[in-house]
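> Have a look; sequence and predicted model below, questions after that.
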Amino acid sequence: MIRENEKKMLDKIFKLKQNNTNVKTEITAGITTFMTMAYILAVNPSILGQAGMDTTAVLLATCLASFIGTACMALMANMPFALSAGMGLNAFLTYTVVLGFGYPWQVALLAVFIEGIIFILLSLTKVREAIFNAIPLSLKHAVSVGIGLFIAFIGLQNAGLTVSNQSTLVSIVNFTDNFQTGGICALLAIIGTFIMAVLYIKKVKGSILIGIFATWILGIICQLTGIYVPNPEAGFYSLLPTFAMTDFSKLGETFGQCFNVDFSNVGIFNFIIVIFSFLFVDLFDTLGTLIGVSAKAGMLDKDGRLPRIKPALLADAIATTAGAVLGTSTTTTFVESSAGVAEGGRTGLTSMTTAILFLVSMFFAPIFTAIPSFATAPALIIVGFLMFSNISEIKLSSKNYTTAIPAYLCIIAMPLFYSISEGISIGVISYVIINLICKKAKEINPIMYVLAALFILKYIFL
């Protein structure tokens, strides 16, 4: 129980009465926010582990970066927003930068670190907002939709549902082949997706996290009954968790490794492109989330602006920089913060509660890292849907084709070219070219010309 004098202290720090809230509401909101986004502690190590990073180290880094970023948001901006390793941004690091470009993960983390430093500088000025305002709204929504499809496609792959096919490139898995390993895992992923979808539709708090654990438990039951048979040589391991103490020394596997970089196989121009890609994706992810959740919470002023956006952006930038040093992908504001806002969270006490829960989660690292990829795959598919839902915001009528077609190209490029940065590049370039040819140059912000030129140079020299 919180004593009366402690309530007064919290009210003074977080201005609870001024924001028409109380300690109980804020703490409840903070717990709710954590429940809705705690799936990242299972998903992030799974994704970054494929880049060659130690999964326990990634989980510890994710917990610490989430704590630092969310605590900064609480104390600097007094807003109910929580931060963690961003979905889409972690996929970009693994599947595009490391597996696609062939760069070491240390190089990717250095790019994230430099991005964070740039964002700290931009957050102290109005440059970040100016860039955001320069991009047409249709492309902002398209980036979200495209990332949603990209994440969903990765989820299908991690579930083993999508397999390579020589004639059609990809196809659905044959469930009867190797049923006791790949077949049953793919089937469990489908079941997990339905479980998660139903829970989310029924507005069950923590539906994504519950779905992950439910799928995992079903897998454990299958293993105990002999339906699932572990085969380590084929990449199918035991699903039974180990309840050992967290090996905190593992953090040394990633801590500070962003400064231990071998540039022998990385051209400086290519590296700058990677930094810019991280910068660009993170820019829209963060600003879009802040504005969207703030609107739901009634925090925007009469002009639709967020009064305390500068300290919020600064907290986000600090989190990204700290996360890169610790050993995780870009740390950003989570749209799941809206769950806490829906519970009545209005101040930094909500985010501070979430931050503390992330810190405590470090002691349960062995459980989170033991969760199989087929159990986290449904989370990628459902989160992909949540991001895809922004497609309704894109105007597709014939009179809006000059904005709709670039948005469409941006969306389809991300999953089909297996790269978030390619989608953004094509979206920006096509927007500028189509509007110029259609004599709508007046609608193009000058900053868009600069962005388009940079992306064209990437294709010439990359």
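Yep, that arrived.
> so where's the stretch 51-200 of the chain shaky on pLDDT?
Applying pLDDT under 70 to the stretch 51-200 of the chain flags the ranges 129, 132-133.
> 50 instead?
For the stretch 51-200 of the chain, no stretch is flagged by pLDDT under 50.
> can you give me the helices for it?
Applying DSSP state H, counting those that start in this stretch to the stretch 51-200 of the chain gives helices spanning 55-72, 89-91, 105-123, 127-134, 137-158, 184-201.
> and the longest one, what does it pack onto?
Here helix 137-158 is seen to pack against helix 89-91, helix 268-297, helix 373-388, helix 401-416, helix 420-437 when contacts are counted using 3 or more Cβ pairs under 8 Å, 6 or more residues apart in numbering; DSSP states H and E. All C-beta atoms are positioned from the backbone trio N, CA, C, and that covers glycine.
> How about the shortest one?
With contacts taken as 3+ Cβ pairs under 8 Å, 6+ apart, helix 89-91 sits against helix 40-49, helix 137-158, helix 268-297.
> if you set the cut-off to 6 Å instead, what comes out?
On a contact count with 3 or more Cβ pairs under 6 Å, 6 or more residues apart in numbering; DSSP states H and E, helix 89-91 meets helix 40-49.
> which outside residues touch the helix it packs on?
55, 58-59, 62, 84-85, 90, 94, 212, 361, 368-369, 371, 373, 376, 379 (Cβ atoms under 6 Å, 6 or more residues apart in numbering).
> repeat that with 8 Å
Under the criterion Cβ atoms under 8 Å, 6 or more residues apart in numbering, residues 55-56, 58-59, 62-63, 66, 84-85, 87, 90-91, 93-94, 105, 154, 158, 212, 328-329, 334, 361, 368-369, 371, 373, 375-376, 379-380 lie in contact with helix 40-49.
> between the helices and strands packed on helix 137-158, which one is nearest to Q223?
Closest to Q223 of the helices and strands packed on helix 137-158 is helix 373-388 (Cβ to Cβ; 12.3 Å).
> Please state the offset of that closest one from the chain centre?
11 Å (Cα atoms, centre = their mean, to the nearest Å).
> From L188, how far off is L283?
Look at L283 and L188: by Cβ to Cβ, to the nearest Å, they are 37 Å apart.
> Looking at these two, which one has more neighbours?
The neighbour comparison of L283 against L188 (other Cβ atoms under 10 Å) goes to L188, with 27 against 21.
> Enumerate every residue touching that one.
215, 218-219, 222, 374-375.
> re earlier: any chance of the helices and strands packed on helix 137-158 in a markdown table, with distance to P230 too?
Formatted as a markdown table, the helices and strands packed on helix 137-158 follow (distance: least, Cβ to Cβ, whole Å):
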| stretch | distance to P230 |
| --- | --- |
| helix 89-91 | 27 |
| helix 268-297 | 37 |
| helix 373-388 | 13 |
| helix 401-416 | 31 |
| helix 420-437 | 34 |
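> Those helices: lowest mean pLDDT?
Among those, helix 268-297 carries the lowest mean pLDDT, at a mean of 74.
> then the helix or strand just after it to PDB, C-alphas only?
Using DSSP states H and E, the helix or strand that follows helix 268-297 in sequence is helix 309-326. Taking Å, rounded to 0.1, in the frame of the first residue of the first chain, the C-alpha atoms of helix 309-326 are listed here in PDB:
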ATOM      1  CA  ILE A 309       7.100  16.900 -27.800                       C
ATOM      2  CA  LYS A 310      10.700  18.200 -27.500                       C
ATOM      3  CA  PRO A 311      11.500  16.400 -24.200                       C
ATOM      4  CA  ALA A 312       9.600  13.300 -25.400                       C
ATOM      5  CA  LEU A 313      11.700  13.200 -28.600                       C
ATOM      6  CA  LEU A 314      14.900  13.700 -26.500                       C
ATOM      7  CA  ALA A 315      14.000  10.800 -24.200                       C
ATOM      8  CA  ASP A 316      13.400   8.700 -27.300                       C
ATOM      9  CA  ALA A 317      16.800   9.700 -28.700                       C
ATOM     10  CA  ILE A 318      18.600   9.000 -25.400                       C
ATOM     11  CA  ALA A 319      17.000   5.500 -25.300                       C
ATOM     12  CA  THR A 320      18.200   4.700 -28.800                       C
ATOM     13  CA  THR A 321      21.800   5.800 -28.000                       C
ATOM     14  CA  ALA A 322      21.900   3.800 -24.700                       C
ATOM     15  CA  GLY A 323      20.300   0.800 -26.300                       C
ATOM     16  CA  ALA A 324      22.900   0.600 -29.000                       C
ATOM     17  CA  VAL A 325      25.700   0.700 -26.400                       C
ATOM     18  CA  LEU A 326      24.000  -2.000 -24.400                       C
END
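> How far does helix 309-326 sit from its chain's centre?
Per Cα atoms, centre = their mean, the centroid offset for helix 309-326 relative to its chain is 14 Å.
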